[in-house]
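# Below: sequence and its predicted model.
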Amino acid sequence: RSSEHLSSLIEDILDIAGIEERKFELRYTALDLPALIEHLVSSFKTQAEDKGLIFRCQVNDPLPQKVRGDEKRIRQVLINLLSNAIKFTNKGEIIFCINYRSEVATFQIIDNGEGISETDIENIFQPFTRLSQVKGNAIVGNGLGLTISKIITELMGGEITVISTKNKGST
């Protein structure tokens, strides 16, 4: 696990350095959106169930078979958000909600975990920031995942927002 953590930290730092040096390129290709979603659901459903959580995927609109995007980076962002939801939820459920309208995909990850304090919400996308009050193994991580996810999302023309209520969960 230590080597995985170190490898992840190095990759994240290289991503940040590449972004800062403007040497970060998005590689847009035709990607199979339903297959990407199916893969994420199968991976994270197992992780959630292993932790005693319910994991549901809710697709609200018909998904096109192919969309144009950077599959590696879309996957990276969604993996980070889904991982955080599982990491910070000790009981209850996580809902992975997908909408697709007017050639725009919207992803929501809804959990009923610990929630995030207002202070933490203000800083959550800053590099090396981790939540101030965490329990169990939730402290694991380098505090770069949300920073990188936010930057990548913005480079692709999107945005990441968070709505949270302490002790009730986050979206």
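Ah, there it is.
# which residues of this structure score low on pLDDT?
Along the chain, segments meeting pLDDT under 70 span 1-9, 12-23, 129-142.
# where does Q108 fall, phi/psi-wise?
phi -130, psi 140 (degrees, to the nearest 10).
# This structure: strands as residue ranges?
29-32, 54-59, 66-69, 93-101, 104-111, 164-165, 169-170 (DSSP state E).
# name the helices or strands packed onto the third one?
Based on contacts counted as 3 or more Cβ pairs under 8 Å, 6 or more residues apart in numbering; DSSP states H and E, the elements that strand 66-69 packs against are strand 29-32. C-beta: built from backbone N, CA, C; applies to glycine.
# and if you look at the second one?
Secondary-structure packing of strand 54-59 (3+ Cβ pairs under 8 Å, 6+ apart): helix 33-50, strand 93-101.
# got these as CSV, with distance to Q108 and mean neighbour count columns?
Shown next, in CSV, are the helices and strands packed on strand 54-59 (distance: least, Cβ to Cβ, whole Å; neighbours: other Cβ atoms under 10 Å):
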stretch, distance to Q108, mean neighbour count
helix 33-50, 13, 15
strand 93-101, 4, 17
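# and F125, what does it touch?
The contact partners of F125, taken as Cβ atoms under 8 Å, 6 or more residues apart in numbering, are L146, T147, K150, I160.
# how close does the closest residue to it other than its chain neighbours get to S43?
Leaving out its chain neighbours, the residue that sits closest to F125 by Cβ to Cβ, 6 or more residues apart in numbering is K150, at 4.6 Å. Distance of K150 to S43, computed by Cβ to Cβ, to the nearest Å: 22 Å.
# Ok, L146 next?
L146 is 20 Å from S43, by Cβ to Cβ.
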